[in-house]
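A.B. asks: model this:
(2 chains)
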There are 2 protein chains.
Amino acid sequence: MSKENLDLVGIGNAIVDVLSKTADEFLAANKLHKGTMTLIEADQAEALYAKMGPGLEVSGGSAANTVAAFASMHGKAGYIGKVANDQLGNVFRHDIRATGVTFDTPALSDGPPTARCLILITPDAQRTMCTFLGASVWIAPSDLNEEMVKNAKVTYLEGYLFDRPRAKQTFRKASEISHLGGQKVALTLSDPFCVDRHRDEFLDLVKNGVDILFANEAEILSLYKAETFETAVSHAREVCALSIITRSAKGSLIVTANETIEVNAEPVTKVVDTTGAGDMYAAGFLYGYTRGKPLSDCGRIASIVAAEVIAHVGARPQIDLAKLLKEKKAV
Amino acid sequence: MSKENLDLVGIGNAIVDVLSKTADEFLAANKLHKGTMTLIEADQAEALYAKMGPGLEVSGGSAANTVAAFASMHGKAGYIGKVANDQLGNVFRHDIRATGVTFDTPALSDGPPTARCLILITPDAQRTMCTFLGASVWIAPSDLNEEMVKNAKVTYLEGYLFDRPRAKQTFRKASEISHLGGQKVALTLSDPFCVDRHRDEFLDLVKNGVDILFANEAEILSLYKAETFETAVSHAREVCALSIITRSAKGSLIVTANETIEVNAEPVTKVVDTTGAGDMYAAGFLYGYTRGKPLSDCGRIASIVAAEVIAHVGARPQIDLAKLLKEKKAV
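C.D. replies: Residues are numbered from 1 along each chain as shown, chains lettered A, B, ... in the order given. Next up, the predicted model:
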């Protein structure tokens, strides 16, 4: 695979998901709040894992899910993220490469193991996530493949990664390299709480280093400390050249300096598992964007692929997205 | 968990399954025969894995699936098998313990990694398996927890393990210990080709060390080099106190010196994936057997739990089998 001329490079937490079915009582007994994502340390991860039921391991990570979906649409994608030199790291590396994504970030050889996300699925199909970040946050500016970033049409940054100083430096450097190459930088806010912890730095990054912002309602409200959705949208319009705000079943909003485009959500017969919806949406939008499609078309492609992923368990597509888009006459 | 008074101890290959969807062309290009199980070495496993699509990791192993299902019926079960001291070994250990099974075989610290089975699923829902046995065949007689085996009502041996000298010694010793304790020994033949490779030793084991034999049609024909099913059954009747022969949709046959009981297969709306059917059947049968049920009832329980596992993807039960048996009024 050539590293030149990629359409998209994702930078994020390289994580293996461990899925396990559980009862509501288990969440209560372990003081976990349904539907949230909590960061946990190695010893907490070990203690929780010991109590959990049998698991199922599958590669995850928000930006990694996005580039995997992008490749499934036959877009050229790369990934930059840090695994450890261990079996779960090999699993992650294998799986992302098997989707056709270029991934050559060296593994961490002396440090914590590969990151994992313990995902507890309750009978109501909701997911409660506990993430042990492990090796993934040991990413450093030196891990950036500069040629790859400089030549990719879009570099996509995963907000989840923005919790540690080295990762922040990595984001800033990636943004500089991308812009030096005349390319675009996208950011997904990922988590309202992470935004809250690092609001000033996020605001600085969005203002000075980001061209395309992805957020859901909670995240955009958190970023601008806005009380109403309308206020948040007007802030977004002023600050960022292109903001895309996803609103679950209400569809999404594409906001530029002089335009607001409303995009309907694609109908889904049965929502099985909403995990990965935002990741897929970004993949679809950026697929259209890097092909020079009008913004409304980008939004439609995004909605179609997001609808695919919420109709089944798991955060990565289970069908050939390129074929799906053809069937839907979206490309 | 107390190690005394277990109902069932399983001894088998401790394996993590790696499931991946693939096209028929992939099987052809890699000279794999659909529906078969092939043993592969470490370098072959690595080469095949590199070519495979994204995977999904889940604990497997034939006897391990059986004891996990046995525990799901609220039977007291233990397991003896060899994993390596690595992440996949930890996954295997976690998952089997999480089902309620006692498992304390020490991990192999200096040798090959934990065994894995690369499972290629074609669009017709058939599975083609390539197994790298890794640490699992390094099991030795010293790994037997003698107290556990001596006190368990039934010790269940997985034929797949019978390919290496140390494993054969382990089987013979387990049989001796179990019989010294006045208990029963069960064997599943697992694979007609493994039976063919070691026929004389299998015949000796069945004749002198086994009380309960599980086999499917191909395996029982292979064991007795019989040309017809009837001949194989009459051999089985002479040699082993209790033989159970599974025949897929045709149900199963329970054969003793003076009885032949035909058991109907439990109806299934849609067969999704037959992997694990034999493992579940053995679990159900032995559950009834260790509770002193009549043989026909044992067969019915076996058929009910086998039907559960073939109605979904995956070789371990996805529901509470104890509840299922109650609903079916089988216990």
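A.B. asks: what sits against the closest residue to chain B within the stretch 151-300 of chain A?
C.D. replies: Nearest residue of the stretch 151-300 of chain A to chain B (CB to the nearest CB) works out as residue A:276 at 13.7 Å. All C-beta atoms are positioned from the backbone trio N, CA, C, and that covers glycine. Counting by CB atoms under 8 Å, 6 or more residues apart in numbering or on different chains, residue A:276 touches A:65, A:309-310, A:314-316.
A.B. asks: among these, which are located in strands?
C.D. replies: Using DSSP state E to define strands, no part of the contacts of residue A:276 is located there.
A.B. asks: out of these, who's nearest chain B?
C.D. replies: residue A:316 (7.1 Å).
A.B. asks: in contact with that closest one, which residues?
C.D. replies: Residue A:316 neighbours (CB under 8 Å, 6+ apart): A:58-60, A:65, A:68-69, A:99, A:276, A:309, B:54.
A.B. asks: okay, now residue A:28: neighbour count?
C.D. replies: Neighbour count of residue A:28, defined by other CB atoms under 10 Å in any protein chain shown: 11.
A.B. asks: picking up where we left off before, just the ones of the contacts of residue A:316 in strands?
C.D. replies: The strands, defined by DSSP E, take in A:58-59 from these.
A.B. asks: which one of the contacts of residue A:316 is nearest to residue A:41?
C.D. replies: Of all the contacts of residue A:316, the one with the least separation from residue A:41 (CB to CB) is residue A:60, at 19.1 Å.
A.B. asks: what's around the closest one, how many residues?
C.D. replies: Other residues lying near residue A:60 total 29 when counted by other CB under 10 Å.
A.B. asks: looking at it, it is touching residue A:19, isn't it?
C.D. replies: No: counting by CB atoms under 8 Å, residue A:60 does not reach residue A:19; the two are 9.3 Å apart.
A.B. asks: distance of the residue of the stretch 151-300 of chain A closest to chain B from residue B:55?
C.D. replies: Distance, residue A:276 to residue B:55, by CB to CB, to the nearest Å: 17 Å.
A.B. asks: can you check residue A:146 too?
C.D. replies: Noted for residue A:146: a distance of 31 Å to residue B:55, by CB to CB.
A.B. asks: out of these two, which sits in the more crowded spot?
C.D. replies: Comparing residue A:146 with residue B:55 by other CB under 10 Å, the one with more neighbours is residue B:55, at 22 against 15.
A.B. asks: so that one touches residue A:94, yeah?
C.D. replies: Yes: using CB under 8 Å, residue B:55 is in contact with residue A:94, at 7.0 Å.
A.B. asks: give me the common contacts of the two.
C.D. replies: Taking CB under 8 Å, 6+ apart as the contact criterion, the common neighbours of residue B:55 and residue A:94 are residue B:49.
A.B. asks: state the phi and psi torsions of the residue nearest the centre of chain A.
C.D. replies: The residue lying closest to the centre of chain A (CA atoms, centre = their mean) is residue A:62, at 2.9 Å. Taking degrees, to the nearest 10, you get phi -60, psi -60 for the backbone angles of residue A:62.
A.B. asks: next one: residue A:264
C.D. replies: Residue A:264 adopts backbone torsions of phi -70, psi 150, taken as degrees, to the nearest 10.
A.B. asks: what's the closest non-adjacent residue to it?
C.D. replies: residue A:251 (4.6 Å; CB to CB, 6 or more residues apart in numbering or on different chains).
A.B. asks: the one you found contacts residue A:302, doesn't it?
C.D. replies: No: using CB under 8 Å, residue A:251 makes no contact with residue A:302, being 10.1 Å away.
A.B. asks: now list whatever residues contact both of the two.
C.D. replies: Shared contacts of residue A:251 and residue A:302 (CB under 8 Å, 6+ apart): residue A:263.
A.B. asks: what pLDDT does the model give the residue of the stretch 151-300 of chain A closest to chain B?
C.D. replies: Note for residue A:276: predicted pLDDT of 87.
A.B. asks: who's in contact with the closest residue to it other than its chain neighbours?
C.D. replies: Residue nearest to residue A:276 in three dimensions, not counting chain neighbours: residue A:315, with 2.9 Å by CB to CB, 6+ apart. Contact analysis of residue A:315 by CB under 8 Å, 6+ apart lists A:17, A:60, A:65, A:275-276, A:279, A:309.
A.B. asks: could you do residue A:310 as well?
C.D. replies: A:268, A:271-274, A:276-277.
A.B. asks: do that again at 7 Å, thanks
C.D. replies: Counting by CB atoms under 7 Å, 6 or more residues apart in numbering or on different chains, residue A:310 touches A:268, A:271-274, A:277.
A.B. asks: now residue A:289
C.D. replies: A:154, A:298.
A.B. asks: check which residues of the host helix or strand of it are buried.
C.D. replies: Secondary structure assignment for residue A:289, by DSSP states H and E: helix A:277-290. By neighbour count on 16 or more other CB atoms under 10 Å in any protein chain shown, the buried set for helix A:277-290 is A:277-290.
A.B. asks: same thing with stretch A:36-43?
C.D. replies: So stretch A:36-43, judged by 16+ other CB under 10 Å, has buried residues A:37, A:39-40.
A.B. asks: how about the residues of chain A by chain B?
C.D. replies: A:49, A:52-59, A:86-88, A:91, A:94-95, A:98-99 (CB under 7 Å from any CB of the partner chain).
A.B. asks: repeat that for 8 Å
C.D. replies: With CB under 8 Å from any CB of the partner chain as the criterion, chain A comes near chain B at residues A:49-50, A:52-59, A:68, A:86-88, A:91, A:94-96, A:98-99, A:113-114, A:316.
A.B. asks: which elements pack onto the strand or helix carrying residue A:95?
C.D. replies: If you go by DSSP H and E, residue A:95 is part of helix A:87-98. Where contact means 3 or more CB pairs under 8 Å, 6 or more residues apart in numbering or on different chains; DSSP states H and E, helix A:87-98 is packed against strand A:15-21, strand A:56-59, helix A:62-72, strand A:102-103, helix B:87-98.
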